[in-house]
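Participant: what shape does this take:
(one chain, ligands or ions: 1)
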Amino acid sequence: MPRIYTSCSDPLDFCRECFPSEDEAEDAYGNLGDGQDGRGNCFGYNEDHPDYEDTDYRCETCKTPLTAKDN
Ligand SMILES: [Zn+2]
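Facilitator: Residues are numbered from 1 along each chain as shown. This is a model prediction of the structure:
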């Protein structure tokens, strides 16, 4: 699934089951504050991420380890 960035520019990764709609994501993460260094609101919904099978990332919501099927 795509990566989501909060408005603070924190990356969030989700498994296939938990990936939120764009409206849900913007409600939850779109107005938490601005990114560093004057970058303003960094909310992003459709961002690239490393292949999850090469990482130990976990789903932001259910904490399940992410695998290739979640890419
Ligand atoms: Zn999940």
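
Participant: and the strands in this protein?
Facilitator: 3-5, 11-12, 44-47 (DSSP state E).

Participant: can you name the residues of this protein that neighbour the ion?
Facilitator: 15, 18, 59, 61-62 (CB under 5 Å from the ion). Placement of C-beta: from N, CA and C, glycine included.

Participant: and these, which two are the farthest apart?
Facilitator: 15 and 61 (7.7 Å; CB to CB).

Participant: out of these two, which sits in the busier spot?
Facilitator: Each of residue 15 and residue 61 had its neighbours counted (other CB atoms under 10 Å), and the higher figure belongs to residue 15 (21 against 14).

Participant: the more buried one against residue 62, yeah?
Facilitator: Yes: counting by CB atoms under 8 Å, residue 15 touches residue 62, with 6.4 Å between them.

Participant: so residue 35 makes contact with residue 7?
Facilitator: Yes: assessed by CB under 8 Å, residue 35 is found in contact with residue 7 at 7.3 Å.

Participant: which residues of this structure score low on pLDDT?
Facilitator: Nowhere does the chain drop to pLDDT under 70.

Participant: any chance you could map the helices in it?
Facilitator: In the chain, helices defined by DSSP state H lie at 22-29, listed in chain order.

Participant: which residues are in contact with both of residue 35 and residue 7?
Facilitator: Shared contacts of residue 35 and residue 7, defined by CB atoms under 8 Å, 6 or more residues apart in numbering, comprise 41-42.
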